[in-house]
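1. just a sequence and a predicted model for now, questions to come.
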Amino acid sequence: MNDFDIELKMNQKKNRLKRKYFYRQLLVNSAAIICLFIHGVEVGAPTVLVPQLRQEANSTDAVTPEQASWLPAIASYTAVPGLIVQNAMAAYFGRKVTHTFVSIGALIGFIIFYCSPNIQVIMIAQFFQGVFMSPYVCTVIMFIAEYTSSEHRGLFLTIKSATFFWGILTSNVLGTFFHWKTIPMLGMACSVYSLIVGYFWPESPLWLAKMGRFDQCAKSHRWLKGSSEKSEKELEKLLAENQNSKNKMPLKYQINHTFKSIIKKEIYKPVLLSQLLIALYVFSGKLVYTVYAVEILKKITNKTSTAYAGMLIIDAVTIFSMYIGCAFVKVFKRRTLLFACSSIGVAFLYILSIYLYLVKFHVFAEDKYVSISLLVGFSINKTLQEIAECMKGVKSVEDNRLLPTVRDNVTIVPENQK
């Protein structure tokens, strides 16, 4: 066997190993990312659920306007305590326990949803989804960052960006063509998948290192990322960073040190900027439109079938725009893209408002295709704006070195020091 054949076989072996560890990371991330899909299914459900419940009862009193308003909103309110609980669990009990907790909660919520005899019980199911699934939108980024190699991280984050909207589209498709109980059935299947895959997860190497479990950290890191020279250097750096004196601080000093870190401008400035960008997206009306799409389009088109078709078209356009936005942020400056898309989105809303007022005052007859086209234009620009907001927020975090500051200053008492 000559040198060329030996080198070829070595390269083939390296490629097989790379694929092996990539598939392991794919398996782990699939369980985390599918939770975002579940969240999209839960958010999209009220859009098609309310019309079906009213149709089944042959009365609008089956779901009052107040109940129709609270149904999508309750998950947002319950997400706040859920986020606090999930972050605390991730810090003190580990990422694997947190993921299992979320998957079980989502499964319970969808079981209640499926068995619901009335709107009141469905609201209880939405409460469960809000506590368990809504905060996962934040914690999933931590999971992807810690379980994924740097060369694959961008791929999984790109997949994550549109998964939520795929969930909304799937929920709306099921609710349009099938009975509403097919939605919780899909949610239960996805929750079971997430739970089963999560059972075979290793614990996060970063969390294990912070807790002082260095042998388990090395084992988990090598299972996920292999034993290549690059991976071993990453592991050595991880272990070295967590073997410093700060891990031996008294708990009282750690709490005081963490509080002082939080009030630094390197942390609160990007956090406030991120909140401003989120408010810009919410107050633009895109989220409200997502929930009330059928009702809005019914009033525009005066035809139920056209309203459902328009809703699905706009959902599909939203997903397509997410991928276009990922390409745009590589071509245009984030700030330019953010202001351009925001301005154009507002312009579409103004044009639509003026157009509908002119129709109301009988200046000319309404053309439903014009109205839907304006809504599609608005949806495209608001989706591109959302991508720009995400990337702008990440850039702000990077510029202010938020992540290193948090990692270096927010500490956890190792298990052997408790």
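-> Received it, and whenever you're ready, just let me know what you need.

2. quick one: low-confidence ranges for the stretch 1-150 of the chain?
-> 1-17 (pLDDT under 70).

3. please enumerate the helices of it.
-> 3-57, 65-92, 95-114, 119-132, 136-147, 150-177 (DSSP state H, counting those that start in this stretch).

4. tabulate these (TSV), appending distance to T304 and mean neighbour count.
-> C-betas here are computed from N, CA, C, even on glycine. Shown next, in TSV, are the helices of the stretch 1-150 of the chain (distance: least, C-beta to C-beta, whole Å; neighbours: other C-beta atoms under 10 Å):
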stretch	distance to T304	mean neighbour count
helix 3-57	8	18
helix 65-92	16	17
helix 95-114	24	22
helix 119-132	20	21
helix 136-147	32	20
helix 150-177	10	19
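
5. quick one, which of these gets closest to S274.
-> helix 136-147 (10.7 Å; C-beta to C-beta).

6. what sits up against the closest one?
-> 25, 28-29, 32-33, 35-36, 39, 83, 86-87, 90, 95, 98-99, 102, 153, 156-157, 160, 164, 201, 204-207, 224 (C-beta atoms under 8 Å, 6 or more residues apart in numbering).

7. try 7 Å
-> If you take C-beta atoms under 7 Å, 6 or more residues apart in numbering as the criterion, helix 136-147 is touched by 25, 28-29, 32-33, 35-36, 39, 83, 86-87, 90, 95, 98, 102, 153, 156-157, 160, 204-206, 224.

8. helix/strand/coil for F364?
-> Three-state call for F364 (DSSP: H, G, I helix; E, B strand; the rest coil): coil.

9. need the contact list for it.
-> F364 neighbours (C-beta under 7 Å, 6+ apart): L358.

10. find me the pLDDT at it, would you?
-> Here, the pLDDT recorded for F364 equals 77.

11. angles on the backbone of it, please.
-> Taking degrees, to the nearest 10, you get phi -150, psi 170 for the backbone angles of F364.

12. repeat that for S204.
-> Backbone torsions for S204, taken as degrees, to the nearest 10, come to phi -60, psi 130.

13. what about it, how many residues nearby?
-> For S204, the count of nearby residues is 26 (other C-beta atoms under 10 Å).

14. so it makes contact with T98?
-> No. Counting by C-beta atoms under 7 Å, S204 does not reach T98; the two are 9.8 Å apart.

15. around L375, count how many other residues there are.
-> For L375, using other C-beta under 10 Å, the count is 23.

16. distance check, it against I112.
-> Distance of L375 to I112, computed by C-beta to C-beta, to the nearest Å: 34 Å.

17. show me where the stretch 201-350 of the chain has its helices.
-> Going by DSSP H, counting those that start in this stretch, the stretch 201-350 of the chain shows helices at 205-210, 214-225, 229-241, 251-262, 265-283, 286-291, 293-301, 304-331, 334-360.

18. deepest-packed of those, please.
-> Compared across the helices of the stretch 201-350 of the chain, helix 205-210 shows the largest average neighbour count, a mean of 23 (mean count of other C-beta atoms under 10 Å).
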